[in-house]
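J.: Below are the sequence and a predicted model; questions follow.
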Amino acid sequence: MSYQHRIVITGGAGFIGSHVVRLFVNKYPHYKIINLDALTYAGNLENLKDVEQAPNYQFAHINLLDADAVQQLLVAEDVTGVIHLAAESHVDRSILSPLDFVYTNVIGTVNLLEAAKKRWAGQYEGKRFYHVSTDEVYGALGDTGLFTETTRYDPHSPYSASKAASDHFVRAYGDTYGMPTVVSNCSNNYGPYHFPEKLIPLFINNIIHGKPLPVYGDGLYTRDWLYVKDHASAIDLVFHKGRQHDTYNIGGFNEWKNIDLVKLLCQQMDEKLGRAPGTSEQLITYVKDRPGHDRRYAIDASKINQELGWSPSVTFEQGLSETIDWYLTNTSWLESVTSGAYMAYYETQYKNR
Ligand code: NAD
Ligand code: TYD
């Protein structure tokens with residue numbers, strides 16, 4: 001079969017990537033979707049069980065640090081588009097081992113850019129290199145204001161610094177080599193297949209097991225939460241309709257202070273688990289703060305809303321409820337990702353807090 005587009009999605013075995021792969025494989029049977037993933041602790045092919053047999057889906061077990069393998073894949077598959085999500089993505093791990101973030105997020109991204117530059121060799125008609133990034137590159141907000149596409153970069157964690165560097169490289173390839181790039185910067189995602197090192201799935205898992213809920217600092221840090229399937233639909237739009245060399249901020253207009261979010265989660269979990277109201281809140285434990293902790297993130301998503309007609313499809317209460325239901329139904333997934341290496345990480349991260 002000859003495909004209209006042949007797209008490499010990197011990080012497709014991860015949280016957001018698996019939703020993007022699923023959306024593209026199902027929505028675009030006339031595209032070939034190649035999932036390039038190294039399967040680190042965060043990558044799991046179980047996340048794609050329902051699409052792995054689709055004729056337009058292929059998995060390529062490749063590490064972005066293997067520049068030759070990346071190059072060979074882009075040539076062999078005559079790739080026309082790249083949607084780049086593979087990354088080391090957890091702030092706390094970036095504090096423990098920053099170099100891993102430099103390797104994958106910076107060098108891995110440059111390897112991918114180089115491979116696309118060589119494969120396309122200036123023939124950019126119908127091609128696209130899309131970099132999926134984070135709002136954390138903008139740093140921290142005070143009590144007011146929103147991040148716009150022109151907010152100055154001011155990253156504070158090794159994770160956000162590495163993502164900022166990768167954003168700069170992608171734009172530099174657009175400016176210097178004319179590469180057809182586009183970048184989006186999204187707020188915090190939540191939903192099914194989220195690895196239980198991040199706030200929401202970690203706390204869902206701990207509530208299920210009656211373990212303490214470690215709230216960093218005073219709990220008044222604010223994040224802007226977006227349901228992962230809404231991020232995937234925004235990525236679809238930006239990939240197809242986003243302007244060349246442009247940037248789109250993606251967010252849910254949905255700010256929550258951590259402690260308020262945790263209390264809502266506790267309430268919903270108590271109801272679903274048939275526990276008495278207030279049971280899970282007793283697990284809340286204030287612990288030592290994260291160093292360099294950004295106080296508040298909030299996205300102004302009016303550009304993508306006005307230019308591309310995108311807006312979130314679910315309220316936070318709905319999305320959170322669906323997410324909890326997914327974790328309560330998929331207990332074997334949760335158990336498989338929280339064994340072995342996860343426990344060692346958990347011990348290191350939380351032991352002296
Ligand atoms: P994730 O950690 O769940 O998944 C990352 C995936 O990348 C995994 O499948 C992993 O195996 C793969 N990977 C890691 N290193 C690799 C390497 N060297 N070579 C090939 N594959 C490698 O991440 P996520 O939360 O799904 O985030 C995906 C992207 O979206 C990241 O670029 C992240 O910065 C960005 N982002 C995430 C959020 C969020 O809330 N999670 C918000 C905005 C932007
Ligand atoms: P996280 O899910 O790690 O996302 P990010 O740091 O990329 O925003 O954390 C979300 C918020 O929750 C952040 O303010 C840190 C806080 N947090 C806790 O209070 N306790 C925890 O155990 C974790 C993982 C996060």
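T.: On my side now, so go ahead. Predicted model only: the values in this text are computed from it and were never measured. Ligands and ions are numbered 1, 2, ... in the order given.
J.: Report whether residue 281 is found in a helix, as I expect.
T.: Yes. Applying DSSP: H, G, I helix; E, B strand; the rest coil, one finds residue 281 inside a helix.
J.: got the residues of this protein near ligand 1?
T.: By CB under 6 Å from any ligand atom, the residues of the chain that approach ligand 1 are 10-11, 13-17, 37-40, 42-43, 63-65, 85-89, 104, 108, 132-134, 163, 186, 188-189, 195. Glycine gets a C-beta too; all of them are placed from N, C-alpha and C.
J.: try 5 Å
T.: Counting by CB under 5 Å from any ligand atom, the residues of the chain close to ligand 1 are 11, 13-16, 37-38, 40, 42-43, 63-64, 85-87, 89, 104, 108, 132, 134, 186, 188-189.
J.: roughly how far apart are residue 149 and ligand 2?
T.: Relative to ligand 2, residue 149 is positioned 20 Å away (CB to the nearest ligand atom, to the nearest Å).
J.: Around the residue nearest to that residue when sequence neighbours are not counted, how many other residues sit close by?
T.: Spatial nearest neighbour of residue 149, excluding adjacent residues (CB to CB, 6 or more residues apart in numbering): residue 247 at 4.7 Å. The number of residues packed near residue 247 is 22, by other CB atoms under 10 Å.
J.: How about residue 226: what's its closest non-neighbour residue?
T.: Nearest residue to residue 226 in three dimensions, chain neighbours excluded: residue 252, at 3.8 Å (CB to CB, 6+ apart).
J.: thought residue 291 was touching residue 98?
T.: No. Residue 291 is beyond contact range of residue 98, at 12.0 Å (criterion: CB atoms under 8 Å).
J.: okay, the two: which has more neighbours?
T.: Legend: neighbour count by other CB under 10 Å for residue 291 and residue 98, higher for residue 98 (16 against 10).
J.: ok, for the more buried one, nearest residue in space, not its chain neighbours?
T.: Sequence neighbours aside, residue 158 is the residue nearest to residue 98 in space, at 3.6 Å (criterion: CB to CB, 6+ apart).
J.: wait, isn't the one you found in contact with residue 94?
T.: Yes. Between residue 158 and residue 94 a contact is recorded at 3.9 Å, counting by CB under 8 Å.
J.: Residues that sit against both of the two, list them.
T.: When CB atoms under 8 Å, 6 or more residues apart in numbering defines a contact, the residues bordering residue 158 and residue 94 alike are residue 101.
J.: what residues are up against residue 32?
T.: Applying CB under 8 Å, 6+ apart, one finds that residue 32 lies in contact with 3, 5, 6, 7, 56, 58, 77.
J.: how about a cut-off of 7 Å?
T.: With contact taken as CB atoms under 7 Å, 6 or more residues apart in numbering, residue 32 is in contact with 3, 6, 56, 58.
J.: okay, how far is it across stretch 336-352, tip to tip?
T.: In stretch 336-352, first residue to last residue: 26 Å (CA to CA, to the nearest Å).
J.: could you check whether it is close to ligand 2?
T.: No. Stretch 336-352 lies out of reach of ligand 2 by CB under 5 Å from any ligand atom, never closer than 7.3 Å.
J.: by contact count, what packs against the longest helix seen in the chain?
T.: Counting by DSSP state H, the longest helix found in the chain is helix 158-177. Judged by 3 or more CB pairs under 7 Å, 6 or more residues apart in numbering; DSSP states H and E, helix 158-177 is in contact with helix 91-96, helix 98-101, helix 109-120, strand 128-134, strand 181-186.
J.: Would you pull up how far the second one lies from the middle of the chain?
T.: Right, the one you point to is helix 98-101. 17 Å (CA atoms, centre = their mean, to the nearest Å).
J.: Can you give me the buried ones in that helix?
T.: Neighbour-count burial for helix 98-101, with 16 or more other CB atoms under 10 Å as criterion, is recorded at 98, 101.
J.: which strands and helices sit next to it?
T.: On a contact count with 3+ CB pairs under 7 Å, 6+ apart, helix 98-101 meets helix 158-177.
J.: list the contacts for the residue lying closest to residue 279 once chain neighbours are set aside?
T.: Using CB to CB, 6+ apart and skipping the chain neighbours, the partner closest in space to residue 279 is residue 270 (5.3 Å). Residues near residue 270 by CB under 7 Å, 6+ apart: 276, 277, 279, 280.
J.: hmm, which of the residues of the chain next to ligand 1 are the buried ones?
T.: 11, 13-16, 37-38, 40, 42-43, 63-64, 85-87, 89, 104, 108, 132, 134, 186, 188-189.
J.: Enumerate every residue touching the residue lying farthest from the centre of the chain.
T.: Ranked by distance from the centre of the chain (CA atoms, centre = their mean), the top residue is residue 276, with 34.0 Å. By CB under 7 Å, 6+ apart, residue 276 lies in contact with residue 270.
J.: where does it land in three-state SS?
T.: Secondary structure of residue 276, per three-state DSSP, is coil.
J.: Look at it and report its pLDDT.
T.: According to the prediction, residue 276 has pLDDT 97.
J.: Tabulate the CA atom coordinates of stretch 70-87 in CSV.
T.: What follows is stretch 70-87, C-alpha atoms only, in CSV (Å, rounded to 0.1, in the frame of the first residue of the first chain):
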residue,chain,number,x,y,z
VAL,A,70,17.6,7.2,13.5
GLN,A,71,19.0,8.2,10.1
GLN,A,72,18.5,4.8,8.6
LEU,A,73,14.9,4.7,9.8
LEU,A,74,14.0,8.0,8.2
VAL,A,75,15.6,6.9,4.9
ALA,A,76,14.2,3.4,4.9
GLU,A,77,10.7,4.6,5.5
ASP,A,78,11.0,7.7,3.3
VAL,A,79,9.5,9.7,6.2
THR,A,80,7.5,12.8,5.4
GLY,A,81,6.7,14.0,8.9
VAL,A,82,8.1,13.8,12.4
ILE,A,83,6.2,14.4,15.6
HIS,A,84,8.8,14.4,18.4
LEU,A,85,7.6,13.6,21.9
ALA,A,86,10.4,11.3,23.2
ALA,A,87,12.0,12.8,26.2
